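Visitor: for reference, the sequence and a predicted model appear below.
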Amino acid sequence: MSELAWWQRGVIYQIYPRSFQDSNGDGIGDLAGMSSRLPYLAELGVDAVWVSPIYPSPMADFGYDVADYCNIDPMFGTLADFKQFADRAHGLGMKVLLDFVPNHSSDRHPWFEESRSSRDNPKRDWYLWRDPAPGGGPPNNWQSRMGGSAWEWDERTGQYYYHAFLREQPDLNWRNPQVRRAMDDVLRFWLDHGVDGFRVDVLWLLIKDAQFRDNPPNPAYEPGQPDHHRQLHTYTEDQPEVHDIVRSMRATLAEYGQRVLIGEIYLPVPQLIRYYGANGDGADMPFNFQLLNATWHAGEIARMIRDYDTALPEHAWPNWVLGNHDNPRVASRVGLAQARVAAVLLLTLRGTPTLYYGDEIGMTDGVIPPDQVQDPAEIRQPGIGQGRDPERTPMQWDTSLPNAGFTTGRSWLPVASETSVHIQNGDPSSMLSLYRRLLKLRRNNAALVQGAIEHVAAYGDVLTYERHHRGQRLFIALNMGAADAEVESREGVVLLSTFAGRDGQPLRQGANRLAAGEALIASV
Ligand code: NOJ
């Protein structure tokens, strides 16, 4: 498998730092806590950890509002703690990816403080400042993704600034070459600190229409949806000039050897794949989020897999994501039994999988009492299902009450459920054991890592496909329904089933029984 890059062979694990492990009792996770849990991740069998933002921040959007791109927030530790964390991860054979948040800074970043200080400040043009519309009011109709107008009036200088998210997150002006240079320096700062790559926040939003034209109304808008769905984002996202920026980020990383560039991009596949660039000069992996809101039906998933595989350009490496800090957890979306099937799916599809912390123990969305809501997305637009606290609850390590070993203090969010790493550790039928078995099998099977994917098909509730590489052929069958089903197969041997007892059993030529919620991988 040596011709592949590490990020093609490997499995990525996302840590949401506030919620992984607290070491100092303040109820919020930190770097020392994360470091102490690295052996757990090595044993789980993942190859890289992506850490959501840990930079100094007023935490209006929990770190996605960065006040200093080249330091660590004291809440999480120090640069020395980060170095220790990265060294320890590397020592255990794992890569370290950081979250790069270039679209917007915090309104408390010195760049923005300068920019807003006067109209002729040299950094004025580092952000998007506009005069009011001719009749007064915001310059155009652009909406914030956190609700309301995306334009904030600045009394002192008599202009509006643009923010795609919170007013505390002003958008940088990526048409300004100085901004591009400053951000390039940020990448280099972390690359020089040994970081193995970046997940780039909202990569497809970096450039906005140069003429600031109004977005057209969205004919498919349904009442109850968030405000920004009222419009098509014709002029605020996926602008052609963004690809030049992606290319320059890729070029910087290339100077440092094998480093990975992952783009957070929520776009339909035809637009998404353009972010790969031409001949590998774009993002290594524009995140493929299709599983996050897929209808959990074999036919639907089969179509999605086939279409994605067909759409990918020759040089493009696929990837799949099952969960992240912005979307409901898989165990809550499809139920615990099907979350096991989903684990097999994620780890047998062609391409790099990204796991979200806690999904390996089947953590479900937490129930957040109204007086404990933290997420600004929920606070600004309550009741429309935007809140992301449920999927950000503390990692459940053990049975200690009330915080499951996450903190000795008062946790910033309540623990979601009773299960834990400790409970599942020695149980061969647990979700954790399933993930460990899957990760081990994947690591040792070239067909799973780099084999082609073929014969993707759905028969009723059963999804089947094959992976093959140099004479090795694997058959994968997933029963996505709630009843037993039959599946046609060649003769073979079950390498792994979600029902632990079936491993090693023969698979008959012809019809084989798949229990409700069973998924298996067989050598055929
Ligand atoms: C995407 C991040 O994943 C999300 O958590 C954040 O609120 C927005 N970008 C703004 O940075």
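Guide: Everything's here; your move.

Visitor: in contact with the closest residue to the ligand within the stretch 251-400 of the chain, which residues?
Guide: With CB to the nearest ligand atom as the measure, the residue in the stretch 251-400 of the chain that lies nearest the ligand is Asp326; the distance is 4.8 Å. Glycine gets a C-beta too; all of them are placed from N, C-alpha and C. By CB atoms under 8 Å, 6 or more residues apart in numbering, Asp326 lies in contact with Arg388, Glu391.

Visitor: how about stretch 171-187 and the ligand, touching?
Guide: No: with CB under 6 Å from any ligand atom as the threshold, stretch 171-187 lies outside contact range of the ligand, at a closest distance of 10.4 Å.

Visitor: which positions within that stretch qualify as buried?
Guide: With burial defined by 16 or more other CB atoms under 10 Å, the residues of stretch 171-187 counted as buried are Asp171, Leu172, Asn173, Trp174, Asn176, Val179, Arg180, Ala182, Met183, Val186, Leu187.

Visitor: pLDDT (mean, whole number) over it?
Guide: Rounded to a whole number, the mean pLDDT of stretch 171-187 is 98.

Visitor: find the residue at the geometric middle of this protein.
Guide: Asn324 (4.6 Å; CA atoms, centre = their mean).

Visitor: setting the sequence-adjacent residues aside, check what's closest to that one.
Guide: Closest residue to Asn324 in three dimensions, ignoring its sequence neighbours and counting by CB to CB, 6 or more residues apart in numbering: Tyr356, at 5.4 Å.

Visitor: okay, now that neighbour: neighbour count?
Guide: Around Tyr356 sit 22 other residues, with neighbours defined as other CB atoms under 10 Å.

Visitor: if I pick it, what's in contact with it?
Guide: Gln14, Tyr16, Val321, Leu322, Gly323, Asn324, His325, Arg329, Val330, Glu391.

Visitor: which stretches of this structure have low pLDDT?
Guide: Applying pLDDT under 70 to the chain flags residues 1-2, 384-385.

Visitor: can you give the domain ranges for it?
Guide: 6-103+177-208+238-378+390-439, 110-162, 452-523 (automatic domain parsing).

Visitor: and the first one, end to end?
Guide: If I follow you right, that is domain 6-103+177-208+238-378+390-439. 15 Å (CA to CA, to the nearest Å).

Visitor: what sits against whichever residue of the chain sits closest to the ligand?
Guide: Closest contact between the chain and the ligand, by CB to the nearest ligand atom, is at Tyr64 (3.3 Å). Taking CB under 8 Å, 6+ apart as the contact definition, Tyr64 lies against Pro53, Ser57, Asp99, Val101, Phe165, Gln169, Asp201.

Visitor: can you list these in CSV and add distance to the ligand?
Guide: As requested, those are exported to CSV (distance: CB to the nearest ligand atom, whole Å):
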residue, distance to the ligand
Pro53, 8
Ser57, 11
Asp99, 8
Val101, 6
Phe165, 5
Gln169, 6
Asp201, 5
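
Visitor: which of those residues tops the neighbour count?
Guide: Across those, the neighbour count under other CB under 10 Å reaches its highest value at Val101, namely 28 neighbours.

Visitor: give me the distance between it and Ser52.
Guide: Remark: distance between Val101 and Ser52 (CB to CB, to the nearest Å) = 10 Å.

Visitor: kindly report the same for Arg388.
Guide: Taken as CB to CB, the spacing of Arg388 relative to Ser52 amounts to 12 Å.

Visitor: have a look at those two and say which one is more surrounded.
Guide: With neighbours defined as other CB under 10 Å, Arg388 and Ser52 compare such that Ser52 has more, 23 against 20.

Visitor: was I right about that one contacting His325?
Guide: Yes: with contacts counted by CB atoms under 8 Å, Ser52 reaches His325, the gap being 6.1 Å.

Visitor: one step back: tell me which of the domains of the chain is the most buried.
Guide: Per residue and on average, the most neighbours among these fall to domain 6-103+177-208+238-378+390-439, with a mean of 19 (mean count of other CB atoms under 10 Å).

Visitor: distance from the chain centre to it, please.
Guide: A distance of 4 Å separates the C-alpha centroid of domain 6-103+177-208+238-378+390-439 from that of its chain, computed with CA atoms, centre = their mean, to the nearest Å.

Visitor: picking that back up, shared neighbours of Arg388 and Ser52, anything?
Guide: Applying CB under 8 Å, 6+ apart, one finds that Arg388 and Ser52 are jointly contacted by His325.
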